[in-house]
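Peer 1: Need coordinates for the below:
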Amino acid sequence: MGTSLAFILLTCLGIIWGCQLPHDWRPQTESCRAELAEIIVFAKVLALHKDSYSVYNYLPWQYDTELFYSAEIELLCDQAWGSMLEVPAGSRFNVTGLGYFPCYSYSVLENNAYYFFLRMDENYNIIPHGVNFQDPIFPDTPEN
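Peer 2: Numbering: from 1, shown residues only. Presented below is the predicted three-dimensional model:
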């Protein structure tokens with residue numbers, strides 16, 4: 001009896017702590033998510049910088065900050081009209097909140113170009129905007 005109770009308890013805790021999407025969740029196309037993204041940029045990653053503790057990379061059970069980083073990026077083209085970020089091509093800034101998290105990963109490689117869906121948080125940090133719980137970073141490929 002005790003073993004089955006422990007199994008049920010662990011199963012319930014796994015469901016609570018697991019990576020669960022809403023039961024009515026459906027994937028959206030990139031174009032649909034682009035309409036909802038606050039900022040869209042096409043940029044080259046110039047450098048990666050390890051992050052120390054922040055609200056975007058704190059895992060209470062894991063103290064290895066090697067998994068979290070920021071990327072210094074350079075815009076490769078002007079922003080589209082209506083973007084919340086109006087800066088010219090060649091501008092550089094940091095995107096924080098990158099790395100390997102429990103339920104998802106926002107990862108980039110140095111010297112590669114990407115399309116980013118971004119947003120600005122309440123502290124004016126620029127972070128990935130995972131619209132609809134989907135990937136906000138797209139590599140520069142012929143399909144994209």
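Peer 1: wait, what's in contact with Tyr104?
Peer 2: Cys19, Gly130, Phe133, Asp135 (Cβ atoms under 8 Å, 6 or more residues apart in numbering). Every C-beta, even on glycine, is put in place using the N, C-alpha and C of the backbone.
Peer 1: For burial, what's the neighbour tally of Ser107?
Peer 2: Other residues lying near Ser107 total 14 when counted by other Cβ atoms under 10 Å.
Peer 1: now do Ile40
Peer 2: Neighbours around Ile40, by other Cβ under 10 Å: 20.
Peer 1: Kindly report the same for Glu38.
Peer 2: Under the criterion other Cβ under 10 Å, the count of neighbours that Glu38 has is 14.
Peer 1: so it touches Gly130, yeah?
Peer 2: No - counting by Cβ atoms under 8 Å, Glu38 sits too far from Gly130 to count as a contact (11.7 Å).
Peer 1: Now secondary structure too, for the contacts of Tyr104, in a markdown table please.
Peer 2: Converted to a markdown table, those look like this (DSSP: H, G, I helix; E, B strand; the rest coil):
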| residue | secondary structure |
| --- | --- |
| Cys19 | coil |
| Gly130 | coil |
| Phe133 | helix |
| Asp135 | coil |
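Peer 1: What's the ChimeraX syntax to select whichever of the residues you listed are buried?
Peer 2: In ChimeraX, this line selects whichever of the contacts of Tyr104 come out buried by 16 or more other Cβ atoms under 10 Å:
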select :130
